[in-house]
Each structure stands twice: as C-alpha cells, then as structure tokens.
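In: whatever this is, show me its structure:
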Amino acid sequence: MSSELATSPFLLVAVTLAALGAILLLAAIAALARARRLRFTLRTLTGLLLLSLGGLAASVGIGMQGYRALTHEEIAARVVVRPAGPQRFTATFAFPDGRKQTFELAGDEIYVDAHILKWKPVANILGLHTAYELDRVAGRYHAIDQERTAPRTIYALGQDRPVDLFSLRRRHTFLAPLLDAEYGSATFVPVTQPAEVEVRVSTSGLLIRKLNAGQQ
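Out: Numbers count the residues shown, from 1 in each chain. Modelled structure (predicted):
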C-alpha cells in the first residue's frame, strides 16, 4: 500500500464503514438464530448498505492514486524532442515524480492529452479537488490523408491502477453526484528542430510551451 493511499481519508472511511457493516451482519446472524426475523432483515440490509458505501469509498480512494491535485497552472512534464528523420522524432518525458520515458514517434507534431477529474462542490467539502493525469502521447501529421494512412505511433503516459475513475464514471452513474469525469484535454505543437518544452495543465486544459528551441 502506498503512503498516499495509507493517508487517504477515503481509506479510513472505507475501513470504518466495512467494520460497521460486518458487525451488523454478525448481529443479523445472531438475530436469525433467535428467530427475530424483523431484526435480522433490518440489520442485514443496513449492514449490506454500509459495506457497499465502504466499497465505494475504497474505490474512490484507490482510483485517485496517480492523479495529481491541481490548484493552479503547473508543469505536468518537461519534454525534450529531437528529430530523427523525415517525419520521425523522439520525445523524452521527465515527470514531476522523477520518472523518465522516451518515445519514438512518427508525424510532424507531438500530441499529448490528459484526463482531468473535476469534482463537484459537495466533494470539495470532503477534500477532493480538481486533479489530472497525463493519458497518452502520439505523433500527429499535418495532412489529414497521412493521419488516415501513414504509420501511427501512440503510447500511454498514465500508470496502471486497480480502479480507473474516469472509465468508471463513464460506465456507471453512482459517481454522478460527486464527480464530473467527462473532461479531457489535448494539445500539440510542431516538431521541426531539437527543443525542450513544458507540458502545462490548468483548470482550463493543457498547453505546450517551448523553452529553448534550436539547442542541441
């Protein structure tokens, strides 16, 4: 268990609700043994409800792993791009957590997109605020015909997790009162010479800012 998950308030809520749910289910079994059907039914239903709420809290807590809190415009990654041939280039990403990855891309431009989780005010009270995660990088062609027929290169930037909140929100409606996960953002710039760029993210979306075009 990561330190981030261990300190998540959702983990504490999930454990508490699960424990209460388990206690009520045990009490329901005891009521059944005494032939008290009404108590058995009420305790069973309440216990199952608490267990379900605990599972929801755990899912949110686990799903938030890998997302970074966004309170203002900030650097999501620094990228060094270098042409490697006609419509070919490499892109080396340096992430805020210290990770580095290099990708070989085909096209005229570097394209990056991200998932942005925008929580509703009721969730802000629980300590959940706008968060983001870079999703993928790709090469992009100027010409539409080449986009359709030329080699495509695309790679994942996000990290694997047991629960993907973005996909979960699209498949189910139970998160609708808390989370609006329909927000994706993308940006791209041409790659014509070696350069270092910053991929920045704000509450209004992604942007790429060149730092030192032309340096080797």
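
In: and Ala76, what pLDDT?
Out: Looking at Ala76, its pLDDT reads 90.

In: A helix includes it, no?
Out: No - counting by DSSP: H, G, I helix; E, B strand; the rest coil, one finds Ala76 to be strand, located in no helix.

In: isn't it up against Ser202?
Out: No - using CB atoms under 8 Å, Ala76 makes no contact with Ser202, being 10.0 Å away. Just so you know, the C-beta spots here come from the backbone N, C-alpha and C atoms, and that holds for glycine as well.

In: so these two - more neighbours on which side?
Out: Comparing Ala76 with Ser202 by neighbour count (other CB atoms under 10 Å), the higher total belongs to Ala76, at 23 against 16.

In: which stretches of this protein form strands?
Out: Under the criterion DSSP state E, the chain carries strands at the ranges 68-69, 74-85, 88-94, 100-106, 109-119, 131-140, 154-156, 179-190, 195-202, 205-210.

In: quick one: which of the ones you listed is nearest Arg39?
Out: strand 179-190 (36.2 Å; CB to CB).

In: how about the nearest residue to Thr46 once chain neighbours are set aside, what does it touch?
Out: Among residues not flanking Thr46 along the chain, Leu24 sits closest, at 5.3 Å (CB to CB, 6 or more residues apart in numbering). Residues in contact with Leu24 (CB atoms under 8 Å, 6 or more residues apart in numbering) are 43-44, 46-47, 50.

In: could I get the contacting residues of Ile110?
Out: 79, 81, 89, 91, 137-140, 188-189, 191, 197, 208.

In: now render the strands of the chain as JSON lines, adding distance to Glu147.
Out: Formatted as JSON lines, the strands of the chain follow (distance: least, CB to CB, whole Å):
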{"stretch": "strand 68-69", "distance to Glu147": "30"}
{"stretch": "strand 74-85", "distance to Glu147": "19"}
{"stretch": "strand 88-94", "distance to Glu147": "16"}
{"stretch": "strand 100-106", "distance to Glu147": "11"}
{"stretch": "strand 109-119", "distance to Glu147": "11"}
{"stretch": "strand 131-140", "distance to Glu147": "7"}
{"stretch": "strand 154-156", "distance to Glu147": "12"}
{"stretch": "strand 179-190", "distance to Glu147": "12"}
{"stretch": "strand 195-202", "distance to Glu147": "21"}
{"stretch": "strand 205-210", "distance to Glu147": "19"}
